[in-house]
Structures are given as structure tokens and as C-alpha cells.
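Participant: got a sequence here, can you model it:
(chains A, B and C)
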Amino acid sequence: MADPLKQERSDPPLPPAPKAGGIAARARAAAGPDYLDGLNLEQIEAVESLDGPVLVLAGAGTGKTRVLTTRIAHLLAAGRARPGDILAVTFTNKAAREMKERVGTMVGKAVEGMPWLGTFHSIGVKILRRHAELVGLKSDFTILDTDDQIRLMKQVIEAADIDEKRWPARVLAAIIDNWKNRGLSPADVPAGDAMSFADGRGKSLYAAYQERLKTLNAADFGDLLLENLRLFRAHADVLARYQERFRYMLVDEYQDTNVAQYLWLRLLAQGSKNLCVVGDDDQSIYGWRGAEVDNILRFEKDFPGAKVIRLERNYRSTGHILAAASHLIAHNEGRLGKTLRTEGEAGEKVTVTGAWDSEEEARAIGEEIEALARKGHKLSEIAILVRASFQMREFEDRFVTLGLPYRVIGGPRFYERAEIRDALAYFRCVCSVSDDLAFERIVNVPKRGLGDVALQTLHDYGRTNRVSLMEAARVLTTTEELKTKPRGALRDLVAAFDRWRGQLDQLPHTELAEIVLDESGYTAMWQNDRSADAAGRLENLKELVRSMEAFENLRGFLEHIALVMDVESGGATDAVNLMTLHAAKGLEFDALFLPGWEEGLFPHQRSLDEQGRAGLEEERRLAHVGLTRARRRARIYFSSNRRIHGLWSSNVPSRFLDELPEAHVEVREAAGGFAEPRSRFDAGSFSSRYDTPGWQRAQTRRGGGAEGAAGRFVRKPVTIEGEVVAKTGHGSSAFARGERVFHVKFGYGEVSEIDGNKLTVQFDKAGEKRVVASFVERA
DNA sequence: TGATGCTGCGTTTTT
DNA sequence: CGCAGCATCA
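Facilitator: Numbers count the residues shown, from 1 in each chain, chains lettered A, B, ... in the order given. Below is the predicted model of the structure:
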């Protein structure tokens, strides 16, 4: 390819430049283009500030995606740019997909997809494939997944004669990943860092690993960006062409960018300078995997003359929820600062409920969900967000018992399953004879009698003769080096691959895929497997082949898979959503349950130990992200007792609870009451912790028996900082239909329905409400 | 090569 | 406590 960029230059010519007076002015004069309808002033400003660097600080639920997509539509509609002139980067494929769709609906088929809208990685690959030879790769280089990466790392460590037991490959992989996130090539690794692995050999192992990647014609995820940096730095002409091409640049979730991504953007933005980044420093929750909040905090310094636009009007949550979230996050230092506001109703207060243990916590949440469901809430509009995935188990158990449909979001990924990776390895070998890692993976799967000895012989031959393993296998079937049995097996395998490769252009790729899986004996391997999950694996393989239909050929499919490790969720069923707080970012639900707000779990002890104040602040941002997922209801829980690693531990309510504003929070209590550390357990050195308001608050409500079986919701008066907010009830039987009652918040009313411990009351002023019996008293 | 038992570890995860 | 990964033995 003489000039890889040339072919794209066949875009239609730009329409004449708009006349002075500005697009915005003209647009408004003509009542404005309808894509601006319904945007608020700040949003419109963010859409129309096209020139120079722009930082859009978009708080949760302030219409961030809408601004981004409208801005793109505006660039196109106003004739500022052609689709190919715009670089729009996201982090996840999901975000890219959504943006593409939404731009599509706004601009219609005028945009035949935007070639440069995608994830950092997919755009990185696209650029890299065009100039691969300049960084020592061939344009058809393979992209390694984490699994390949670690296996390769193992080889490198063993080759360096280092004890892999003491210095595990996955640890080195993590370290190298980290360096790559920071934009560091082997030569750039600072001396201090290099000491961190195998007595200071980390740096040279990194270099060796990179060398192996080059001989394999492969790149790992980190390389996709790092090699771009190398390319741009070493070849000013190439960089200049992209700077010229990307006349407008947009970045989503800027607070999640790592150093390498920041450097990449900075190089590209030196051209047009029209870089618009959108993000929220209060939602930065990925510091532990290389994200630098600093990137967003420093934006104005990095890009002089940057315009900063704050989106502070929240369209998602009710007043109480928003106030709670804002008050909480205000405890962080080192933030750019935003004040979220809403013009919607105050809604229900955020509730905080204490439970005796995690089982009771799950039971209470299960009951509340059932109650919501009875009231006609859609289950898919309800979510439970946990800090750590082990918390999910309790809920799953409970929901199974209740027969309540649920789905886990996040979980183990489809493409990470062993059977899928095996199948993909077969396909990779068909497409590329030189994909050694793939070949290695499946050479003896299913078992073909090829053991360590045969594999070692292959490796040795391949290395000394500088040929791929497949080629080595081909040669070694004609020599005496291997025993007859493995030799025959290899001959069959190589012949099979030759045959399949010959069919690559003859047969539809889905058909070929089935043939490969059948003839290789892979399908049969699982059919003969009597273990419980074999059937599921076969089903997954079918699903894999089915998902290939959407692609033109095997190669296109593999490229997609390498970059897109997630699979479209079919989630059409109505089910409660269960996920981690991290997985919830970007989502929203009507009703939200937030269990496990205890010191040690949330904020997580490890975060505190390892990152100190920065760790605490990230945990707090996580709490903020959690709360702001809720549209109408947010219910927080904590358990006094929880079993962690098989041991029971009693816990103190999270400090985050103390950081919630009283006026927007209602404190409740589930069955069973509270741990009593001083008598039941030895509080010991923890006693200083009990000085917190949260603890004192808890103390006032302490009491009630353990295990909470029979006497549910029997309680002492509930107080917040001395103020009585609920009176002791006499249990569910205390009220009768038609009885007049009084509630501190809703005033006087009449009981119309009794459902166990919950009453439906027609309040004189507040209308119909469902309340817990113990929160009302006889009028 | 497969099965069994032992040790160690246990937050969050995209590409 | 429960699981994954590894080592050892048959």
C-alpha cells in the first residue's frame, strides 16, 4: 500500500464553508435544527463549541451521550466535517455501538457508518495494520488474548531460567501491562520499577517478551496503543497525515484514560486542536487498572485555552437520591467540583437498613423486590449492586428459593470459556499457518498422543529453522525424529489443516467452522465427556458458529472476536439485575438495592491498605456511581455479620453512611437487629471506630434477637442523631383495616391494606403510600 | 494420561 | 469455606 490514507480520500467533497455569523446563530434564526430540540443551554454550548479544546464535565445522568452524539450530528449537518474526518473514541465496544446507533438515527443514512468511531483499541489496530511494517510487524499480525499472553510469558520466564513458581507469569504479565498502560517501552522503564520482578530482571524479561511477540508477528492489547505511540513518534510523516485527517476529535469517559491513551490523543490533537473530551472525575473508578484521574484534572493545563463546560442538570434521579449522592461525593478532595441539580420531584428518601447478617440482608431485599413486583414494577428495572462478586451468591441462593427470575450482569465472559478459545484457536490456525500460540493450544486437544516430548521437538525444530510450528510439524512427519505414533497424529493434523485451508474460499465460513470442529474430533471430545457441563459447552460451540453468521468470512470474524470479547446480551426477559458496582457504570434503574455497606467491604479494606486516601476516594466515587444509577428508589443495606473466607466477622457500618445527608435519608432496620460487639465479640482495638455517628446511630437501634426468625420487624424506636423518626410498633397485628394512623413523614391517614408488616395507607395529604407497620402509630 | 489430594488464596475488569 | 491450580501417584 503506497499510501494507505489515499483510498479514503474518495469521500465526497466538503460542502461550501458556512458563512460568517456562525452555524449556531443561523441555526437558531431558523428555529434551530431539530436535533438541538430539548437540549439545555449548557448542552447546546457543548454541542456547538466546535473549535479548540473543550472539556465537558458531565455529571451522572446529565445527558453526556446525548451531547456527544448530537455534537457529531452537528459537525456533519453543519458541513464542518465528513464522517471520515471525525475521530470518536470510547472505551467499550458497547459504548461505541450505542454511539454509532444514535448518530445513525440522528443523521440518517447520510452517514454510512463512521470509519473512525470505535474503541481506543479498535482504532489503534486499524492504524497499526496499515503501517505495521514500520514497527516490525506484518499487517496480518495476530492479537493475543490474556490467555495467550500468559502462556507466552511463561515461555519467556522459563527461557530466562527463572523459577516460574516463585515468579509467576501472570504477575509479570500484570506488571508489563501496567508499564504499557503508562506508555513505557522496555527502554523507558525506570530503574526503580524494573526492580520489581525476579530480582530486577523485569525489564529484560519485558524486552525478551516484546521480541518474542515480534517473531510471532503478534501484539497484545497493550501494544495496540503502545505501538501506535512508537509509530507516531518515529514517523512524523505518518503522524502528520492522521493529524490532518482527524479534524475533529471526541473522547468519551475521559476520566478513564490511561497515560498511553492520553499521550496518543495529545499527539493527534496537535494538528487541528479540536479535541473535545467528555467525562466526570467523580466517576473515575478504574484507577487500579491504569486510569489516571489526573488526565481530566489536568486537561486545562495540557490543552491551553480549553473551554470547560459543566453539565450539572440531572435528568435521571429524584431529588433525595441526587442530594444523597452529591453530599457523599463532596467528601472527596481533589475534584473539579460540580453541583448536580434536578428539577424533578424529591421522591422517596434514600433508605438505610441494617440487617443482622448477609442472609437476612438478602431475605429483606428479596421481600422488597417481591413487594415492588406485586405493585407492578418490572423486574428488569430493579438492580442489586454489590461491591464484590462473592456477595452475589447469597442473592442467587435466595432468588432461586423464591423463584424470582434474575440475571447476573458481568460474570464470566463467553469468549473466555475454554471451549470457545479452543474453537477459535482451530480457526486461527486455518486462517494463519504461523499462529504458533493457537497451534500450540489445540495440537493435542482432543488428545492425539502428542505429549511434552513431541511438542518440545516441534519447538526446537521451529526455533532453529525459524519456521512456524505448523511448518515444523509438516517437516517432522517426514523424518525419523518422532516416534511413529505422534508422527502419524501430526501428519493427520497437518493434512486436515491443509484441507480446511483449501476450503476456506470454497465453503461458507459457518459451514467450514462446523467441518473443522467435527473433523478435528473436537465436538466428539465433548460429546464423549460425561461431566455435567459438557452439554453446556456443546451448546456454546453451536452459539459460536451461529454468531459467525453476521460476518462475511472467517478472517473478519476473528478480527472482531479479538477486539470484542463481549457478546450481545439477549436480555429480553424480565429479570432482576445482579451485578458489581463497577459493572453498573453507565446503566440506570428505577429501583436500586445497595447491600454490603460495611467498613472493610465498602470501602474495601484492601483498597484502603494499598492506596490509602486515594483508595478511599476511589471507593467513595464508586459509592457515588452506585447511588446515581437509581432513578426513583435507592435502598442501602449493611449487615452486622458476614462470613468472609469461611470465618464470621462482625462489621461496623460503612463510613459512607455517615456521609449521607440526614435530611434525605430514612434509617430503617430489618429483622433481627444488630450485632453487639462489646458483649458478643471482643471489640478490642476497634473501639475507637465506634465513635462514629453511624455507629452511635446503630447503637440506638441495637437490640432484638439474633437469627430474626419469628419476630420480624420488632424494634426499638428508630432515631437519627437523637431525633425520633419512628416509634415502636406492636407488630403487624397491631393495625386493622380502616384504622386511623400517624406517620412522621406523611402525617395522618387511614389503613387500607395490610400485608404482613407492611401497610398501605391512604394519607390525607400525601396520598396512598406503603409503609412499614412499625413506622406508624395509632392516631 | 488421568485421577486424586494438597496448598494457597480470596476486590473491582475492558480491550 | 470453596475453589483453582498444581504435584504426585497409579
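Participant: quick check: A:Tyr415 touching A:Arg421?
Facilitator: Yes. Judged on CB atoms under 8 Å, A:Tyr415 makes contact with A:Arg421 at a distance of 7.3 Å. Every C-beta, even on glycine, is put in place using the N, C-alpha and C of the backbone.
Participant: overlap in contacts of these two?
Facilitator: A:Asp145 (CB atoms under 8 Å, 6 or more residues apart in numbering).
Participant: A:Asp566 versus the residue in the stretch 401-550 of chain A that DNA strand C sits nearest to, what's the distance?
Facilitator: Proximity of the stretch 401-550 of chain A to DNA strand C (CB to the nearest atom of the strand) peaks at A:Pro412, 9.0 Å away. Remark: distance between A:Pro412 and A:Asp566 (CB to CB, to the nearest Å) = 11 Å.
Participant: just want to know which of the two has more residues nearby.
Facilitator: A:Asp566 (13 against 8; other CB atoms under 10 Å).
Participant: where does A:Gln249 sit: helix, strand or coil?
Facilitator: If you look again at residue A:249, you'll see it is Met, not Gln. strand (DSSP: H, G, I helix; E, B strand; the rest coil).
Participant: and it, what is it in contact with?
Facilitator: A:86-89, A:265, A:268-269, A:272, A:274-276.
Participant: so which of the residues you listed sit within helices?
Facilitator: The helices, defined by DSSP state H, take in A:265, A:268-269 from the contacts of A:Met249.
Participant: DNA strand C: which of the residues you listed is nearest?
Facilitator: A:Leu265 (35.3 Å).
Participant: roughly how far does the closest one sit from DNA strand B?
Facilitator: Taking CB to the nearest atom of the strand, to the nearest Å as the measure, A:Leu265 falls 16 Å from DNA strand B.
Participant: that residue reaches A:Leu275, doesn't it?
Facilitator: Yes. With contact defined as CB under 8 Å, A:Leu265 reaches A:Leu275; the gap is 6.7 Å.
Participant: wasn't A:Val667 part of a helix?
Facilitator: No. Looking at A:Val667 with three-state DSSP, it is strand, so not inside a helix.
Participant: tally of neighbours for the residue of the stretch 201-350 of chain A found nearest DNA strand C?
Facilitator: Proximity of the stretch 201-350 of chain A to DNA strand C (CB to the nearest atom of the strand) peaks at A:Leu205, 17.5 Å away. Residues contacting A:Leu205 under the criterion other CB under 10 Å number 24.
Participant: which residues does it contact?
Facilitator: Per CB under 8 Å, 6+ apart, neighbours of A:Leu205: A:156-157, A:160, A:162, A:172, A:197-198.
Participant: just the buried residues of those residues.
Facilitator: Buried subset of the contacts of A:Leu205 (neighbour count, 16 or more other CB atoms under 10 Å): A:156-157, A:162, A:172, A:197-198.
Participant: which ones among those map onto helices?
Facilitator: Those of the buried ones among the contacts of A:Leu205 mapping onto helices are A:156-157, A:172, per DSSP H.
Participant: relative to A:Glu158, how far out is the residue in the stretch 101-250 of chain A positioned nearest to DNA strand C?
Facilitator: Of all residues in the stretch 101-250 of chain A, the one sitting closest to DNA strand C is A:Lys165 (5.5 Å; CB to the nearest atom of the strand). To A:Glu158, A:Lys165 is 11 Å away according to CB to CB.
Participant: and what of A:Glu610?
Facilitator: 30 Å.
Participant: neighbours around A:Ala208, how many?
Facilitator: For A:Ala208, the neighbour count with other CB under 10 Å is 18.
Participant: how about the residues of the stretch 501-650 of chain A by DNA strand B?
Facilitator: Near DNA strand B, the residues belonging to the stretch 501-650 of chain A are A:563-566, A:579-580, A:582-583, A:604, A:606-607, A:610, A:645-646 when assessed by CB under 7 Å from any atom of the strand.
Participant: likewise the stretch 201-350 of chain A?
Facilitator: Taking CB under 7 Å from any atom of the strand as the contact definition, the stretch 201-350 of chain A meets DNA strand B at A:221, A:288-289.
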